[in-house]
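> following is a predicted model, sequence given first.
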Amino acid sequence: MNKKPDFLKLSNGLSLILQTMPSADSVAVYVAVGAGSRYETRETAGTSHFLEHMLFEGTKRLSTSKEVAEYIERVGGKSGAWTDKEYVTYYAKVPKQHLEVAFSYLAEILFNSTLSNEAIKKEKRIVVEELRRKVDNPEVEIWDLWFEWVWGKNQSLGRSILGYEETIQNITKQQLQDYMEKLYHPANMALAIVGNFFSQKAKDYASKYFGQKYGGSIPTFKKLNPISKKVHTKIIRTNTQQAQLILGFVTNISYTHKDRFAIRVIADILSAGVSSRLFQKLIYGLGIAYSSGAQCWVFADAGLFYTYGGFSVENVMIAIKIILEELKKIKWGKISEEELQETKEKGKANIVFSLETPDTMANWYASQWITEKKIMTIEETLEKIDGVTVEDIQRVARQYFINKNLYLTIRGPIEENSIERIENILQYNDKH
């Protein structure tokens, strides 16, 4: 299994993570920035994502988006970025002989972007179209609707990463510059290099391209305040053929919480593979869904566990009942050692499969460090999963899967007067 990567900090606070992979013919360089939508206000929602787009629009040396793209692509490299709730990631992957190009490319877009007013004007049109595309895609929009129901728009986790049309239209160059000055400095970055390279070369390039910049302190964001609701169901009526739903629970299981591995195994019991409980019940058993599942999501100060799926209107109530029944089985009936072991093997295999390339490994390290300020190897992660017991599963399910923490969002052609009936069904969750 993989060894612990080398780790060091440059004098300017940059976190540098190095993992050689001699069998590869490429190198992936990933930079995770402690930014994202949690660092925004209601008025600046969408700034993090908008800025991520803007950094590919032109720099002091590469004046157009075409020149930016050609710089990395002329050596066969590829690049990209994405914005999450609590971090933003930028990456470049190149053939092993072009490692320096990856470093110079990332440093150029991160530290020398011009953020021209002309590009900002163009990018507003692009992001607004991205927002509209999201609304047209029920399987995507349901997530923003659920987060908003859980935490509300007044809290950062309750707002869309993309922002809203009005906030995007109000973005200015000064706003982007202020945001970069506050967050885009080396002390607030984790730089991970994975692939076929010489460690000393990577250290030299990191110092050359990232070591000269300095910045301020590590930023923080407001902690979440739980919102207590008497009604747990939110219906968003739409003229669609199918209803999308998310039924889940707010937990206090954060990045470093002791129960994060147990709740991950519970999600796998319900939805890892064709043999999982929800797949067998909802898809193979009753044939009322094309896809459904369960997952957990962790943050610095909170966590979520959720089940999801798309159903025809006449099957929504059935789906909710079945999901609740399966949750109750986990809460009050012990899972067998055989099923637990099988689930662990599936979960561990999925982790191993997903981390076989330099790209995914570099992302694993960079995102871990910027969010948790520590590195856990694959082997250590698998050991934690192996340590989950039958008793852990039941304890965690009983502790977190309670109606006080339950939130259900349904997007589709559902009548508002269905809420009372759904609320009555949800009460079943707390009954032994």
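Structure received.

> which phi and psi does R42 have?
Main-chain torsions, R42, degrees, to the nearest 10: phi -60, psi -30.

> and I193, what element?
According to DSSP states H and E, I193 maps onto strand 189-195.

> show me the contacts for the nearest residue to G309 once chain neighbours are set aside.
Excluding its sequence neighbours, the residue lying closest to G309 (C-beta to C-beta, 6 or more residues apart in numbering) is S292, at 3.1 Å. Every C-beta, even on glycine, is put in place using the N, C-alpha and C of the backbone. S292 makes contacts with 271, 278-279, 282-283, 307-310, 319, as judged by C-beta atoms under 8 Å, 6 or more residues apart in numbering.

> turn these into CSV, columns for secondary structure, pLDDT and neighbour count.
Output for the contacts of S292, formatted as CSV (DSSP: H, G, I helix; E, B strand; the rest coil; pLDDT from 0 to 100; neighbours: other C-beta atoms under 10 Å):
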residue, secondary structure, pLDDT, neighbour count
S271, helix, 94, 21
L278, helix, 95, 24
F279, helix, 94, 19
L282, helix, 94, 26
I283, helix, 93, 18
T307, strand, 97, 26
Y308, strand, 96, 23
G309, strand, 95, 28
G310, strand, 94, 23
A319, helix, 96, 25
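
> what's the closest of the residues you listed to A397?
Of all these, T307 has the smallest distance to A397: 12.7 Å, by C-beta to C-beta.

> phi and psi next, for the residue nearest to G309.
According to degrees, to the nearest 10, S292 has phi -160, psi 170.

> read off the pLDDT value for it.
At S292, the model reports a pLDDT of 92.

> quick one: contacts for the residue nearest to the spatial centre of the chain?
Centroid check for the chain by C-alpha atoms, centre = their mean gives D84 as the closest residue, at 5.4 Å. Residues near D84 by C-beta under 8 Å, 6+ apart: 36-37, 161, 367.

> measure the nearest residue to V101 once chain neighbours are set aside to G34 for me?
In space, V101 comes closest to V75 once its chain neighbours are excluded; the distance is 5.2 Å by C-beta to C-beta, 6+ apart. Using C-beta to C-beta, to the nearest Å, one gets 29 Å for the distance from V75 to G34.

> residues in contact with the closest residue to D268 other than its chain neighbours?
Once flanking residues are discounted, D268 sits nearest to G347: 4.4 Å by C-beta to C-beta, 6+ apart. When contacts are counted by C-beta under 8 Å, 6+ apart, G347 touches 264-265, 268, 272, 385.

> need the contact partners of the strand holding I193.
Contact partners of strand 189-195, identified using C-beta under 8 Å, 6+ apart, comprise 5, 14-21, 24, 26-34, 96, 99, 202, 206, 210, 358-359, 361-363, 365-367, 369-370.

> rewinding a little: ok, the contacts of S292 vs P413, which is closest?
Among the contacts of S292, G310 lies closest to P413 (C-beta to C-beta), at 12.5 Å.

> beta partners for the closest one?
Per DSSP bridges, residues listed as beta-bridge partners of G310: Q244.

> T256 against M376, yeah?
No - with contacts counted by C-beta atoms under 8 Å, T256 stays clear of M376, the gap being 9.9 Å.

> if we can go back for a sec, quick one: the residue nearest to G309 from Y306, how far?
With the distance defined as C-beta to C-beta, S292 ends up 11 Å from Y306.

> cool, K201 as well?
Here the distance between K201 and Y306 works out to 44 Å (C-beta to C-beta).
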